[in-house]
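> build me a structure from this.
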Amino acid sequence: MALSNTEEQLMEHLWKLEKAFMKDLLESYPEPKPATTTIATLLKRMTDKGFVGYNEFGNSREYYPLVKKNDYFSKQVKGLIKNFFNNSASQFASFFTKETNLSEKELEELKKIIDAELQKKKK
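Numbering: from 1, shown residues only. Modelled structure (predicted):
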């Protein structure tokens with residue numbers, strides 16, 4: 001299950017803060033800040049989806065992520081490759097390198113990452 005764009009934005013704030021009360025989450029947004037009711041609705045949906053948990057302190061809830069950022073995005077990228085690139089990582093890599101207009105320096109960095117992974121696999 002995936003998060004909507006607005007849920008993902010809220011999740012970004014929660015991943016950064018690690019634990020947060022509603023007021024902390026609201027403060028983390030730039031102006032114009034979303035309405036408290038909007039954040040409450042998003043948190044309810046994200047709790048129902050199993051992405052967010054909370055501890056209650058009296059009338060206040062301290063929210064925390066139940067999913068690690070890397071795990072979430074790894075799953076999203078795998079789904080993207082499966083759904084749009086016939087489950088072919090090389091098709092995805094080809095599209096990514098061409099369409100994102102990477103600089104020579106960025107391509108060199110990417111090559112280093114790939115070479116390092118190749119070395120690990122050969123061991």
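> per-domain residue ranges of the chain.
Domain assignment for the chain by automatic domain parsing gives 5-65, 85-122.
> winner for burial among the ones you listed?
Stretch with highest mean neighbour count among the domains of the chain: domain 5-65 (a mean of 14; mean count of other CB atoms under 10 Å). Bear in mind the C-beta positions are built from the backbone N, C-alpha and C, glycine included.
> next one: it to chain centre, how far?
Using CA atoms, centre = their mean, to the nearest Å, the mean C-alpha position of domain 5-65 is found 14 Å from that of the whole chain.
> picking up where we left off before, mind checking which of the domains of the chain is nearest V77?
Nearest to V77 among the domains of the chain is domain 85-122 (8.2 Å), distances taken as CB to CB.
> chain center to the closest one, what's the gap?
Mean C-alpha position of domain 85-122 versus that of the full chain (CA atoms, centre = their mean) differs by 20 Å.
> quick check: mean pLDDT of it?
Here domain 85-122 scores 85 as its mean pLDDT.
> Three-state assignment for E62, please.
Three-state call for E62 (DSSP: H, G, I helix; E, B strand; the rest coil): strand.
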